[in-house]
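Visitor: Here is a sequence together with a model predicted from it:
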Amino acid sequence: ESYSGITEHEVDDLLVDYIYEGREIFLDQKEIKAHPNQCILFKSTQNPKKSALARFLSYDEPVKKVAQNKRGIWGVKPKNKEQGFASNLLMDESIPIVSLVGPAGSGKTLLAIAAGLEQTLGTGLYNKLVISRPVQPVGKDIGYLPGSVEEKMNPWLAPIRDNLEFLMSYSYSKRDNYETLDTYIESGVIEVEALTYIRGRSIANAYIIIDESQNLTAHELKTIITRVGENTKIILTGDVEQIDNLYVDQQSNGLSYAIEKFKEHDLAAHLTLVKGERSKVATLASKIL
């Protein structure tokens with residue numbers, strides 16, 4: 001069974017109150033096995049509806065309370081506890097590698113891009129937002145595409161552009177009314193490009209999102225992650241049940257490989273989203289088809 005990045009534990013009602021009060025709570029290594037940056041849901045044994053969200057750092061440090069961001073990230077508010085955990089990991093600058101896995105419509109790409117816009121255009125923590133995805137068709141390919149590199153990539157990057165346009169139009173402030181998405185792309189603040197030419201690059205001071213990472217091989221993903229420079233955060237998103245690459249499966253794909261290799265290290269964090277939020281139709285289809 002693959003690592004989910006989240007675990008549940010039943011504890012005394014008083015301990016849940018202590019977490020909300022901000023008291024220092026340490027985990028016992030003999031009782032609870034956890035990995036660095038693993039998310040923990042503490043559930044009260046007396047009241048099943050009472051719970052607290054926290055994140056494990058190490059056995060020498062107290063667990064970190066995961067506060068609910070009521071304002072949301074770039075106007076996007078978490079709709080379930082997994083999205084709340086994911087938002088916390090995406091906005092933590094001390095974690096340079098975050099992987100998000102989930103079914104269609106679970107919000108993994110939208111949350112990743114929202115956090116990128118917030119930390120690039122909002123707080124200015126990073127100089128630019130770089131978004132890319134592997135060129136892997138669903139079903140039979142339609143052949144070569146005409147035009148320049150940018151024109152060839154437009155069909156592949158359309159889903160990312162949809163999310164960007166949605167988030168830019170629903171920004172929680174008026175700061176973007178005078179600058180459109182195209183302006184940011186032309187100025188280089190937002191880069192939407194192919195993975196084909198990433199070898200040899202060194203990307204510093206950037207927030208990188210690699211969408212549909214399940215279609216990458218372990219070698220390709222290593223090549224991408226080793227491009228990361230100083231003050232750069234990389235987000236890997238994907239769904240191992242939506243693999244279009246004939247040469248990888250649910251265990252051998254680059255995303256699953258990276259999750260297993262990084263889970264023991266405090267520089268990385270992983271979370272599996274389980275609930276679809278796109279629509280009732282999309283959620284039902286991902287379950288029964």
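Guide: Okay, I see it.
Visitor: Just say helix, strand or coil for the closest residue in space to Val63 that isn't next to it in sequence.
Guide: Spatial nearest neighbour of Val63, chain neighbours left out: Ala54 (4.2 Å); criterion: Cβ to Cβ, 6 or more residues apart in numbering. Placement of C-beta: from N, CA and C, glycine included. Here Ala54 is recorded as strand under DSSP: H, G, I helix; E, B strand; the rest coil.
Visitor: What about Ala54, how many residues nearby?
Guide: Neighbours of Ala54 under the rule other Cβ atoms under 10 Å: 22.
Visitor: Dig out what it forms beta bridges with.
Guide: Ile40, Lys65 (DSSP bridges).
Visitor: who's in contact with it?
Guide: Ile19, Ile25, Cys39, Ile40, Phe42, Val63, Lys64, Lys65, Val66 (Cβ atoms under 8 Å, 6 or more residues apart in numbering).
Visitor: Okay, and the first one sits in which element?
Guide: For Ile19, the enclosing helix or strand under DSSP states H and E is helix 13-21.
Visitor: how far out from the middle of the chain is that helix?
Guide: Offset of helix 13-21 from its chain centre (Cα atoms, centre = their mean, to the nearest Å): 28 Å.
Visitor: before we move on, back to that, roughly how far apart are the residue nearest to Val63 and Trp74?
Guide: 25 Å (Cβ to Cβ, to the nearest Å).
Visitor: Could you find the closest non-adjacent residue to Leu117?
Guide: Trp74 (4.8 Å).
Visitor: how far away is the one you found from Leu111?
Guide: Applying Cβ to Cβ to Trp74 and Leu111 gives a distance of 10 Å.
Visitor: More neighbours: those two, which one.
Guide: For Trp74 versus Leu111, neighbours defined as other Cβ under 10 Å are more numerous around Leu111 (28 against 23).
Visitor: quick one: secondary structure of the residue nearest to the more buried one when sequence neighbours are not counted?
Guide: Sequence neighbours aside, Ala86 is the residue nearest to Leu111 in space, at 5.4 Å (criterion: Cβ to Cβ, 6+ apart). In the three-state summary, Ala86 is assigned as helix, counting by three-state DSSP.
Visitor: For Ala86, give me the pLDDT.
Guide: The model reports Ala86 with a pLDDT of 93.
Visitor: Correct me if wrong: it contacts Pro78.
Guide: Yes. Judged on Cβ atoms under 8 Å, Ala86 makes contact with Pro78 at a distance of 7.5 Å.
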